[in-house]
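**Q** give me a 3D structure for the following:
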Amino acid sequence: MPKSFLKSAVLSSGILAASFMATSAEAKNYTLCGASPGGLWALLGAGIDAAVKKEDPQSSVTYQTSSGGFANIVQMSQGTCDMSIVHLGEAVIASKGEAPFQAPVDDFAVVAVLYNWAPMQWLMNEEFAAENGISSIADMKDKPVDLIVNKRGILPSILAEASLKKLGIDFSGIESSGGSIQYQGSQTAEELMKDGRGDIWTNAMFIGTGSIGSIAESVDLRLLSVPDDVIAYMGEAYGSVPVTIPAGSYEWQKQEVKTFGAQAALIVPKSTSEEEIEALTKALLDNIAQMQNVHSSMKALTPEVMRSAKSLPYHPGATAAYEE
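**A** Model prediction:
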């Protein structure tokens, strides 16, 4: 993302979409910034739209495709959209003004956590793990590991680098030990792991996602654990949540594995009226089934999950709705 684009977001952070300030007597037509078409976030957008329409058939939520959470924060601050789906880790980074932002961007507040069950899964080739005595990501230090992470600037790759750095393992150190760092999307990462061009792939993924099963058909895998102090640090620094992947989640996984997970949330500008956001939050709570039904993984969504964010403030309107 161009630096000038991010800088303009800071200068424009007070701008709100006019449609979002409509009175409660009017139909609400919101624009929601999400991610690529066809993915989970697009399905969540459809669920949010259905929940709002269930409350008021004249209202709607239009899903706008985007490159993801960082771009969504920028676009919302510029008034391009009325609400956004983001990873909470991305929102924490924006609020601190860390890269890729040049200054803090924090004119937003949480309406609801949408899911918190996308653990960072560290999937290592079993043969490589056995040869090098690796069962935890801490054991990767000074090992010639070919590591595959998500694309540069995407939250999971940021989380991977930060968690390893906490253990004294930096990417340059991996390379100087004879290993490599490859920045790839899920499809390419799957191919690299299958044909042995990668020793380990890490990404924030739902348990049982198809790409993991596909890799396991070609090579034996070992799921690495994350030390408790790193899990705690990732929560403090990036809003991640502790996740335990139960034993038997995969046929080849015999023991439970501790890691940390990404969570996604719906955010809105802080300046949006309390009445507006209270009504929106009530619509989501009263019609939560509309969001639960968009994908099997969303069945775990509950009001308790929706109000579970710790790292960023909730909008006062959302808080009022949860407290009723």
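
**Q** contacts and neighbour counts: CA atoms only from here.
**A** Noted.

**Q** show me the contacts for Arg197.
**A** Counting by CA atoms under 8 Å, 6 or more residues apart in numbering, Arg197 makes contact with Asp146.

**Q** wait, is it part of a strand?
**A** No - per DSSP: H, G, I helix; E, B strand; the rest coil, Arg197 lies outside any strand segment and is coil.

**Q** distance of it relative to Glu190?
**A** 10 Å (CA to CA, to the nearest Å).

**Q** how about Ser66?
**A** Ser66 is 24 Å from Glu190, by CA to CA.

**Q** of those two, which one has the most company?
**A** It is Glu190, of Ser66 and Glu190, that has more neighbours when counted by other CA atoms under 10 Å, with 20 against 16.

**Q** tell me the pLDDT at the more buried one?
**A** Per-residue confidence (pLDDT) for Glu190: 95.

**Q** for it, phi and psi?
**A** phi -60, psi -40 (degrees, to the nearest 10).

**Q** mind listing the strands for the stretch 1-150 of the chain?
**A** All strands of the stretch 1-150 of the chain, identified by DSSP state E, counting those that start in this stretch, fall at 29-33, 60-64, 83-87, 108-125, 146-149.

**Q** and what of the stretch 201-324 of the chain?
**A** Taking DSSP E, counting those that start in this stretch as the criterion, the stretch 201-324 of the chain carries its strands at 221-224, 241-245, 257-269.

**Q** will you turn those into JSON lines that also has mean pLDDT and distance to Gly210?
**A** Shown next, in JSON lines, are those (pLDDT from 0 to 100; distance: least, CA to CA, whole Å):
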{"stretch": "strand 221-224", "mean pLDDT": "98", "distance to Gly210": "14"}
{"stretch": "strand 241-245", "mean pLDDT": "96", "distance to Gly210": "16"}
{"stretch": "strand 257-269", "mean pLDDT": "97", "distance to Gly210": "18"}
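
**Q** among these, which is nearest Tyr115?
**A** strand 257-269 (5.5 Å; CA to CA).

**Q** can you list the helices and strands that that closest one packs against?
**A** Helices and strands touching strand 257-269, by 3 or more CA pairs under 8 Å, 6 or more residues apart in numbering; DSSP states H and E, are helix 69-77, strand 83-87, helix 88-96, strand 108-125, helix 228-238, strand 241-245.

**Q** turn these into JSON lines, including distance to Lys53 and mean neighbour count.
**A** Shown next, in JSON lines, are the helices and strands packed on strand 257-269 (distance: least, CA to CA, whole Å; neighbours: other CA atoms under 10 Å):
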{"stretch": "helix 69-77", "distance to Lys53": "22", "mean neighbour count": "25"}
{"stretch": "strand 83-87", "distance to Lys53": "16", "mean neighbour count": "28"}
{"stretch": "helix 88-96", "distance to Lys53": "26", "mean neighbour count": "23"}
{"stretch": "strand 108-125", "distance to Lys53": "18", "mean neighbour count": "25"}
{"stretch": "helix 228-238", "distance to Lys53": "34", "mean neighbour count": "17"}
{"stretch": "strand 241-245", "distance to Lys53": "32", "mean neighbour count": "19"}
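
**Q** redo those as CSV? Include distance to Ser186.
**A** Output for those, formatted as CSV (distance: least, CA to CA, whole Å):
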stretch, distance to Ser186
helix 69-77, 18
strand 83-87, 18
helix 88-96, 19
strand 108-125, 13
helix 228-238, 22
strand 241-245, 20
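
**Q** and of these, who's closest to Ala321?
**A** Using CA to CA, the nearest of the helices and strands packed on strand 257-269 to Ala321 is strand 108-125, at 9.8 Å.

**Q** pLDDT on the closest one, on average?
**A** Averaging pLDDT along strand 108-125 gives 97.

**Q** summarise which helices and strands that strand is packed against.
**A** Strand 108-125 packs on strand 200-204, strand 221-224, strand 241-245, strand 257-269, helix 274-286, helix 303-306, helix 316-323, going by 3+ CA pairs under 8 Å, 6+ apart.

**Q** and His295, which of these is closest to it?
**A** strand 257-269 (15.0 Å).

**Q** quick check: neighbours of that closest one in the sheet, parallel or antiparallel?
**A** Here strand 257-269 is paired, per DSSP bridges, with strand 83-87 (antiparallel), strand 108-125 (antiparallel), strand 241-245 (antiparallel).

**Q** this protein - how does it break down into domains?
**A** 3-116+263-323, 118-262 (automatic domain parsing).

**Q** hey, least reliable of those domains by pLDDT?
**A** domain 3-116+263-323 (a mean of 88).
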